[in-house]
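# Okay, here's the prediction I keep looking at, along with the sequence it came from:
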Amino acid sequence: MKRCTLCLAALAAALLGAGTAAAQSRLYVFDASDGQYHRVVKVREDRPYILGRAGLVPSGDRRYALRKADEYAPLFIGLEHKEVEVSGFNILGQGVPMSVNKQVHFKAVLTSPYWLSDVFLVLEVEFSDGATTVLVREVGKLEARTPLRYEADADLERDSAVRSCKVHLFTEGSEVFTSEIPEAQREEQVAKMIKSRLGSAQQAGPRPLLCPAPGYPEALKKSGVRGRAVVALRISPEGRVLEPSVQSATDPAFGESALSAVRDWRFVPGVREGQPVETKVAIPFGFDPTTAGAR
């Protein structure tokens, strides 16, 4: 088995590059100026922004379309304590009931191991008559490992009962993995992403895919000390982390933080003679309280 060392800077650079990959769904909005649908890359409050000739410009339209793409962005956001409610009341007019002031209320605690910018929420609402509508709201910035209590309201323009409401989260125009997606489905998608990145390579070292950096240990925040840790591990032919262990650490807390982070990492595995192979790596981490949580 080949042994190599991956530096954290290389990991970060590769992750930033991977973040621009196509998402499972992309959001588009109609632009009346040219009669075309354009990809939404940012949302401010409820206004979508698209890339125009002069750069990022707001769209005055709200005709959305969710279109399937090849992959999710290799990033993750957890949704805890999620609540989605539809409110409104019915009135009778000449014997015909009419729903008024109908809204969708969304509430959740959002957490991500990554620092994410330009995050926005998309609610895909399906009605009992089979019609669907897409609602969009700004989330903004997510700090790494810092829970965000998020709430949003959106008006519904149809009187039909709501059958379902699917949640999508995007960052910089790409849809990310969320805890709403069943684990088996997430695993299937990750396996496809790994396979596509392997391609027809004959010889290659392992590359990071889902590898969030560890957080600065809570127990050391008062001291503000800088530190390092090195974690040794094996990467399986499927890109999983096997038997991670702390090789060295300037403080045990740094070692535990690094170890906790890498247990769930996924890699594009190393390749030898066209076949994925198991690889040993030693990954160094630097901890600085002044940059903890920064991108």
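Thanks, I have the structure now. Please read these numbers as outputs of a predicted model, since none were measured by experiment. Residues are numbered from 1 along each chain as shown.

# okay, and the helix or strand of this protein with the least pLDDT?
The weakest-scoring helix or strand in the chain, judged by mean pLDDT, DSSP states H and E, is helix 8-18 (a mean of 35).

# Beyond that one, next helix or strand please.
The helix or strand immediately downstream of helix 8-18 is strand 25-31, counting by DSSP states H and E.

# mind listing what that next one pairs with, with the direction of each?
strand 36-44 (antiparallel), strand 64-68 (antiparallel) (DSSP bridges).

# what about these, which gets the closest to Lys107?
For the strands paired with strand 25-31, the distance to Lys107 is smallest for strand 36-44, at 18.0 Å, taking CB to CB. To be clear about C-beta, it is placed using only N, CA and C from the backbone, and glycine gets the same treatment.

# quick one: buried residues of that closest one?
Tyr37, His38, Val40, Val41, Lys42, Val43 (16 or more other CB atoms under 10 Å).

# Following element in sequence after it, please.
Immediately after strand 36-44, counting by DSSP H and E, sits strand 47-52.

# Name every strand pairing with the helix or strand following that following strand and say which way it goes.
Counting by DSSP H and E, the element after strand 47-52 in chain order, helix or strand, is strand 55-58. Looking at strand 55-58 with DSSP bridges, its partner strands are strand 47-52 (antiparallel).

# now do the same end-to-end measure for stretch 249-267.
23 Å (CA to CA, to the nearest Å).

# Just give me how far it sits from the chain centre.
On the basis of CA atoms, centre = their mean, to the nearest Å, stretch 249-267 sits 21 Å off its chain's mean C-alpha point.

# show me what contacts the spatially closest residue to Gly140 that is not a sequence neighbour?
Spatial nearest neighbour of Gly140, excluding adjacent residues (CB to CB, 6 or more residues apart in numbering): Val119 at 6.2 Å. Shown in contact with Val119 (CB atoms under 8 Å, 6 or more residues apart in numbering): Ile77, Leu110, Glu138, Val139, Gly140, Lys141, Leu142, Leu169, Phe170, Thr171.

# Going by distance to Arg197, which of those wins?
Nearest to Arg197 among those, counting by CB to CB, is Thr171 at 20.0 Å.

# Check the closest one and give its pLDDT.
Residue-level confidence at Thr171 comes out at 96, pLDDT.

# neighbours around it, how many?
Residues lying near Thr171 (other CB atoms under 10 Å) number 24.

# didn't it look like it was pressed against Leu121?
No - the criterion here is CB atoms under 8 Å, and Thr171 misses it with Leu121 at 11.0 Å.

# So which of the contacts of Val119 wins on neighbours?
Highest neighbour count within the contacts of Val119: Phe170, with 26 neighbours (other CB under 10 Å).

# Would you mind reformatting the buried residues of strand 36-44 (as TSV) and adding columns for pLDDT and distance to Lys195 while you're at it?
Putting the buried residues of strand 36-44 into TSV (pLDDT from 0 to 100; distance: CB to CB, whole Å) gives the following:
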residue	pLDDT	distance to Lys195
Tyr37	94	30
His38	94	31
Val40	96	29
Val41	95	27
Lys42	95	31
Val43	96	32
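
# Name the nearest of these relative to Leu210.
When these are ranked by distance to Leu210 (CB to CB), Val41 comes first, at 22.4 Å.

# Any idea how many residues pack against the residue nearest to that closest one when sequence neighbours are not counted?
Nearest residue to Val41 in three dimensions, chain neighbours excluded: Gly173, at 3.7 Å (CB to CB, 6+ apart). By the criterion of other CB under 10 Å, Gly173 has 20 neighbours.

# ok, now which ones touch Gly173?
Shown in contact with Gly173 (CB under 8 Å, 6+ apart): Ala23, Arg26, Leu27, Arg39, Val40, Val41, Lys42, Asp118.

# Distance of the fifth one relative to Gly78?
Taken as CB to CB, to the nearest Å, the spacing of Val40 relative to Gly78 amounts to 23 Å.

# Okay, strands next: where are they in the stretch 101-250 of the chain?
Along the stretch 101-250 of the chain, the segments classed as strands by DSSP state E, counting those that start in this stretch run 116-127, 132-142, 148-155, 162-171, 174-178, 203-204, 207-210, 227-235, 241-249.

# out of these, which comes closest to Arg47?
Closest among the strands of the stretch 101-250 of the chain, using CB to CB: strand 132-142, at 8.3 Å.

# And the helix or strand hosting Phe267, what does it pack against?
Phe267 belongs to strand 266-268 when assigned by DSSP H and E. Applying 3 or more CB pairs under 8 Å, 6 or more residues apart in numbering; DSSP states H and E, we find strand 266-268 packed against helix 183-198, strand 207-210.
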